[in-house]
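In: Model the structure of this input:
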Amino acid sequence: MSSDKQFRLQGEYLRSCREAKGLSQAEAAEALGIKHQFVSNIERGTASIPKKRIADVERVLGADHKLLISAILEDGRRRIVKNLERSK
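Out: Here you go, the predicted model:
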């Protein structure tokens with residue numbers, strides 16, 4: 001899977017978790033110890049959640065890294081199956 005697709009999936013997931021908690025981007029950024037612009041970049045899919053922040057995202061936003069990872073893996077699996085079907 002391309003990093004663009006992965007970044008977009010992470011961003012969509014981060015946004016949904018943040019909105020479910022009723023936090024603005026600025027509030028989430030402060031709680032996560034990162035800049036507001038970085039949260040915006042992640043949500044737009046132009047940056048990725050740093051690995052060292054995954055635990056913070058889980059704690060602050062109630063995110064489940066397993067759901068994020070499985071969404072990414074599922075998308076990758078679908079692409080592989082699609083490519084295999086095309087090659088037949």
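In: Quick check: phi and psi on the nearest residue to residue 34 once chain neighbours are set aside?
Out: Nearest residue to residue 34 in three dimensions, chain neighbours excluded: residue 53, at 6.9 Å (CB to CB, 6 or more residues apart in numbering). Glycine gets a C-beta too; all of them are placed from N, C-alpha and C. Main-chain dihedrals, residue 53, degrees, to the nearest 10: phi -100, psi 0.
In: element containing the most centrally placed residue in the chain, please.
Out: Of all residues in the chain, the one closest to the mean position by CA atoms, centre = their mean is residue 10, 1.3 Å from it. Residue 10 belongs to helix 3-20 when assigned by DSSP states H and E.
In: by contact count, what packs against that helix?
Out: Where contact means 3 or more CB pairs under 8 Å, 6 or more residues apart in numbering; DSSP states H and E, helix 3-20 is packed against helix 36-44, helix 54-61, helix 65-87.
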